[in-house]
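**Q** sharing a sequence plus its predicted fold:
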Amino acid sequence: MVVVVVASWVGGFSDSLSARPVRATDEGKEQTARARDVEIVMELHHDNRNVMAWGRMAQSKAASPQVKELGATMTREHAITDEKLVAYARRNQMGEDRLKTPYDASVHGELKFNRLRRLQGREFDREFTHMTVIEHQKIIDRVTESHRIAGDPALRPVLEQHLVALEKHQAIARTLADRDSRPVSNQAQH
């Protein structure tokens, strides 16, 4: 009997992925593709939960109305994508238990956003926009690779729509981060 292990496929993407053995049979390729699709859905579900949490944080802690709006937009649009991923997972019987607690999302969110939680006002705005640019790039890389390797063509449109939203959020965050990184005297002129 041959056992195929689905392991990491993007740097950083595998941090919370565990190797999942899949028996190689006549349907071995199909099973491997399905296992990969399960990992894609669960990892992006994990990402969405974290982004929604930090978006809600921005709505309550940011000083700038633009940063508050970015937080609201991220929360709303990641929730829409997450609903699509969860619906896909349920249609494909990907495991209700894993949907409720994908990997260790709450632990990662706690560790990742602990510093952000302690900040308020403009300090929060600067850290939030900087973090959004960096974290969204990581997610963009994961979604791009996920689109490339997804076995089920029905998953690809969800990934494409998600990529558009991620790039939009990152562009807005980059603009806000650039604005906040200018000296105060230059900001008054714009």
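**A** The structure has been received and is ready for your questions.

**Q** let me see the mean pLDDT of stretch 155-171.
**A** Average pLDDT, stretch 155-171: 97.

**Q** going on from the helix or strand that contains residue 42, what's the next piece of helix or strand?
**A** Secondary structure assignment for residue 42, by DSSP states H and E: helix 28-61. Scanning forward in sequence from helix 28-61 by DSSP H and E, the next helix or strand is helix 65-91.

**Q** packing partners of the helix holding residue 42?
**A** strand 3-6, strand 20-23, helix 65-91, helix 96-100, helix 105-118, helix 121-149, helix 156-181 (3 or more CB pairs under 8 Å, 6 or more residues apart in numbering; DSSP states H and E). C-beta: built from backbone N, CA, C; applies to glycine.

**Q** show the average pLDDT along the fifth one.
**A** The reference is to helix 105-118. The average pLDDT within helix 105-118 is 68.

**Q** for stretch 78-93, same thing?
**A** Computed over stretch 78-93, the mean pLDDT rounds to 93.

**Q** of the helices and strands packed on helix 28-61, which approaches residue 51 most closely?
**A** helix 65-91 (4.5 Å; CB to CB).

**Q** tell me which residues of that closest one are tucked away?
**A** Across helix 65-91, burial judged by 16 or more other CB atoms under 10 Å covers 66-68, 70-71, 73-75, 77-78, 81-82, 84-86, 88-89.

**Q** what's near enough to touch the residue positioned nearest the centre of the chain?
**A** Most central in the chain under CA atoms, centre = their mean is residue 47, positioned 3.0 Å from the mean C-alpha point. By CB atoms under 8 Å, 6 or more residues apart in numbering, the residues touching residue 47 are 139, 142.

**Q** start the count at 54, not 1, going forward
**A** Got it, first residue is 54 now, which makes that one residue 100.
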